[in-house]
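Q: sequence and computational prediction follow.
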Amino acid sequence: MNRHLAVAAVIAAAALTLTGCTKPGNPASPGTNTSGSTPAVTLVAPGTLTVCTNPPFPPLEDVDASGKVVGFDLDLMGVVADALGAKVNVIQAEFSQITSGAVFAAKKCDIGASGITINDARKQAVTFSRPYFSATQALAVKSDSGITGLDGLSGKTVAVQTDTTGADYADANKDKYGYTVMVFDDAGTALNSLLSGRAQAAIVDKAVVYSFVASNPTTQVATEFQTGELYGFAAKGNDANATALIGLVNDALAKADTDGTYLRIYKTWIDPLATTAPLPPA
Ligand code: ARG
């Protein structure tokens, strides 16, 4: 067992003994750090990894028929929680509240798992894990629209989710191609605007667009844009406790990669036929 996971096990044991303690923000393991170098991780609710996410964004996160938030991100959070000896509690939050770090400042959650693209602006506000998934943007259209790319969008309306890299990409290209950007609170509403006719195209992360067109046969993927994005899990910025938590997340991801857990979760949510699914390089 590597050192971080050994520490995590100690933390988990300590957290279990603290379940009677309800004051949020109490250290999970005061005085139990025997390694001398890795700080103890404090969880906002002892014994629970509280995860902020912004569904619907299937297959990364979606609300199932029973109201539970499920998906690739949540299964990976389950792996992290197991390493911590904690259970998972999912909180739904506005996407910008996660990437700005507001949810962490307010002690609403320990970690954000929401298909968050790692970029420099966000690095100023939150602490990112190693990359765990590669992404690009894709253009979704109605199948009968004849639209094959941005150059077919003059005078048309393009739907995006607010405060996302897809919105940035749409904004950066709108003058050149002469379309209007329509901003929606969540990715599901942005994509559904194709069906209602409010927008003629939508720019959203590729995996989510493919999931949408698979369940909406009147729509198709017009093209992909090679934006070269990588998703990371996010925690509080510039904070020793969050840095320690992210260290445990990185260790849990590396272990999930070597022991096949990452591939199993990838096959469950992303591609059932995948035979390999390596983590993007750290
Ligand atoms: N990857 C994009 C970004 O970071 C979109 C993420 C939106 N996530 C979500 N759960 N709605 O901006």
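A: Arrived safely, thanks for sending.
Q: going forward, measure contacts between C-alpha atoms and count neighbours the same way
A: Will do.
Q: would you map the helices across the protein?
A: With DSSP state H as the criterion, the chain has helices at 3-17, 72-84, 95-99, 102-105, 120-123, 165-177, 187-196, 206-215, 240-258, 261-269.
Q: which of those helices has the lowest mean pLDDT?
A: Among the helices of the chain, helix 3-17 has the lowest mean pLDDT, at a mean of 43.
Q: for D73, see how far away the nearest residue to K108 once chain neighbours are set aside is.
A: In space, K108 comes closest to V44 once its chain neighbours are excluded; the distance is 7.2 Å by CA to CA, 6 or more residues apart in numbering. V44 sits 20 Å away from D73, going by CA to CA, to the nearest Å.
Q: go on, D185?
A: Taking CA to CA, one finds D185 at 20 Å from D73.
Q: neighbour count: these two, which is higher?
A: Taking neighbours as other CA atoms under 10 Å, D185 and D73 compare with D73 leading, 25 against 15.
Q: residue contacts, that one?
A: 60-61, 113-115 (CA atoms under 8 Å, 6 or more residues apart in numbering).
Q: for this protein, what lies in contact range of the ligand?
A: Within the chain, the positions adjacent to the ligand are 53-55, 57, 114-117, 164-165, 187, 205 by CA under 6 Å from any ligand atom.
Q: tabulate these (JSON lines), appending neighbour count.
A: Putting these into JSON lines (neighbours: other CA atoms under 10 Å) gives the following:
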{"residue": "T53", "neighbour count": "28"}
{"residue": "N54", "neighbour count": "27"}
{"residue": "P55", "neighbour count": "23"}
{"residue": "F57", "neighbour count": "23"}
{"residue": "S114", "neighbour count": "28"}
{"residue": "G115", "neighbour count": "28"}
{"residue": "I116", "neighbour count": "25"}
{"residue": "T117", "neighbour count": "24"}
{"residue": "T164", "neighbour count": "21"}
{"residue": "T165", "neighbour count": "22"}
{"residue": "A187", "neighbour count": "26"}
{"residue": "D205", "neighbour count": "25"}
